[in-house]
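K.L.:
Below: sequence and its predicted model.
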Amino acid sequence: MNSNDVVLISDSARTKDFVTLLYLVRRHNPEKPIVLVVDNAKIHIAERAIRTAVSLGIRLVFLPPYSPDLNPIEFSWRDCKRDLWLLDMNKARISFKETFMRYVKERKISETMKKKQIIFAGILIILLTVSLIFINNSFEASSPEKEIRELVHILELAVKGQNISIYLMNINLEDIVLREEQKHWFGSLERNPVKEFTLEITNIKVSGGKATANPTMNWLFDDSNSPRSLTCEVNFIKHDGKWFFAGPNFATVSDDKFVIHYFPEHESLAKSLLPKLHKIFDVITADLNFKPSSKNSYQTLSLC
């Protein structure tokens, strides 16, 4: 798509090699939006790789797991391996690049591969179109808005790659309750994985080191054919020059023991629930024969 090709030959397949490739791609295409379609190999979903891609303005689009048939390069690898097997092993290392480039140049593709390439091309066009729209919108945004969009992109990739460490690294470090809630939410995804997940953000409003926005989360569980969607207002906060997700923009109702966080549409439910929590608390602590010694040991409930 009017870009300069880059080929990197490496003795290894480690994260640092993929990061090197990202820098080479950007260096040879300095002013252009870049969308890179990759599989779910560990080197592609590693934290360093994702952060490098985001910093370079490269949009990573991940193929569905376990779908080598959507990746045309797999068929070239097959042909390369077949030819290299016939060579003297001492010469294989020297001839690999020549063999691979010959297949790339000659485009020796079987009829089966051509059919699969047509399917792949259709999927790729859709992914590229959506991703280029996202990139163009990001380029037009102001600096804080762009940084928040990059943060949301990292969170989306972390969910898709089921990488909880990257996800939690981008949650407000000072809000212990929020981090625990997000841990539980991420844990629920491990027990009930999603096969589709997108996170889109609109209406970003920045005020100093704080911001609000309206993300829309779309997902489809592995064991379901019914897509789901949720849109709500959330907060972001900036620490040491970096933006973090600070949780939903909840309203609050409280008394001397409990704090309930709720979305505005759940106000009546939250206010009716607050007095009942005392009865529930008394029953549970009596059954367990245990009562927390500190008020801070029991107090927060979130209604989503």
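P.N.:
Cool, got the structure. If you're wondering where the values come from, they're calculated on a predicted model, not measured in any experiment.
K.L.:
Please count neighbours and contacts with C-alpha atoms only from this point.
P.N.:
Will do.
K.L.:
Show the contacting residues for the residue nearest in space to the middle of the chain.
P.N.:
Geometric centre of the chain, nearest residue: Leu157, 1.3 Å, by CA atoms, centre = their mean. Leu157 makes contact with 45, 50, according to CA atoms under 8 Å, 6 or more residues apart in numbering.
K.L.:
Could you grab the helix/strand/coil label for it?
P.N.:
The three-state label given to Leu157 by DSSP: H, G, I helix; E, B strand; the rest coil is helix.
K.L.:
per-residue confidence at it?
P.N.:
Looking at Leu157, its pLDDT stands at 82.
K.L.:
Strand partners (parallel or antiparallel) of the longest strand seen in the chain?
P.N.:
Secondary structure of the chain per DSSP state E: the longest strand is strand 194-207. If you go by DSSP bridges, strand 194-207 pairs up with strand 210-221 (antiparallel).
K.L.:
Show the subsequent helix or strand relative to the partner strand.
P.N.:
Using DSSP states H and E, the helix or strand that follows strand 210-221 towards the C-terminus is strand 228-231.
K.L.:
List every C-alpha atom in that following strand, with coordinates, as PDB.
P.N.:
Provided in PDB are the C-alpha atoms of strand 228-231 (Å, rounded to 0.1, in the frame of the first residue of the first chain):
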ATOM      1  CA  ARG A 228     -22.300  -8.000  24.100                       C
ATOM      2  CA  SER A 229     -21.600  -4.300  24.500                       C
ATOM      3  CA  LEU A 230     -21.100  -1.800  27.300                       C
ATOM      4  CA  THR A 231     -20.600   2.000  27.200                       C
END
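K.L.:
how far is it from where the chain is centred?
P.N.:
17 Å (CA atoms, centre = their mean, to the nearest Å).
K.L.:
Touching that strand from outside, list them.
P.N.:
With CA under 8 Å, 6+ apart, strand 228-231 has contacts from 214-220.
K.L.:
May I see those residues organised as TSV, with distance to Ile58 and neighbour count added?
P.N.:
Converted to TSV, the contacts of strand 228-231 look like this (distance: CA to CA, whole Å; neighbours: other CA atoms under 10 Å):
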residue	distance to Ile58	neighbour count
Asn214	24	19
Pro215	21	19
Thr216	22	16
Met217	22	16
Asn218	23	15
Trp219	24	18
Leu220	26	17
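K.L.:
Give me the three-state assignment for Ser12.
P.N.:
Assigned with three-state DSSP, Ser12 falls in the coil class.
K.L.:
What about it, how many residues nearby?
P.N.:
Neighbour count for Ser12, taken as other CA atoms under 10 Å: 9.
K.L.:
Quick one: end-to-end length of stretch 58-71, please.
P.N.:
Separation of the first and last residues of stretch 58-71 by CA to CA, to the nearest Å is 19 Å.
K.L.:
Just the buried positions in it, please.
P.N.:
Using 16 or more other CA atoms under 10 Å as the test for burial, stretch 58-71 gives 58-63, 70-71.
K.L.:
Can you tell me which of these end up in strands?
P.N.:
Counting by DSSP E, the buried residues of stretch 58-71 contribute 58-62 to strands.
K.L.:
Phe244 pairs with what?
P.N.:
Beta-bridge partners recorded for Phe244 (DSSP bridges): Ile237.
K.L.:
And the one 4 residues further on, by the same measure?
P.N.:
Under DSSP bridges, the beta-bridge partners of Pro248 are Val234.
K.L.:
For it, give me its contacts.
P.N.:
Counting by CA under 8 Å, 6+ apart, Pro248 has contacts 232-235.
K.L.:
so what's Phe197 closest to, chain neighbours aside?
P.N.:
Spatial nearest neighbour of Phe197, excluding adjacent residues (CA to CA, 6 or more residues apart in numbering): Trp219 at 4.4 Å.
K.L.:
how many other residues sit next to Lys195?
P.N.:
So Lys195, with other CA under 10 Å, has 14 neighbours.
K.L.:
Now the nearest residue to it once chain neighbours are set aside: phi and psi?
P.N.:
Excluding the flanking residues, the one nearest Lys195 by CA to CA, 6+ apart is Asp222, at 5.2 Å. Main-chain dihedrals, Asp222, degrees, to the nearest 10: phi -60, psi -40.
K.L.:
how much space is there between Asp222 and Glu196?
P.N.:
Noted for Asp222: a distance of 8 Å to Glu196, by CA to CA.
K.L.:
what's the closest of the ones in strands among the buried residues of stretch 58-71 to Val38?
P.N.:
Looking at those and their distance to Val38, the nearest is Phe62, at 5.2 Å (CA to CA).
K.L.:
Isn't the closest one up against Ala41?
P.N.:
No. When contacts are counted by CA atoms under 8 Å, Phe62 is not listed as touching Ala41 (9.7 Å).
K.L.:
Low-confidence regions, the stretch 1-150 of the chain specifically.
P.N.:
Segments of the stretch 1-150 of the chain classed as low confidence (criterion: pLDDT under 70) are 1-3, 9-11, 76, 79-142.
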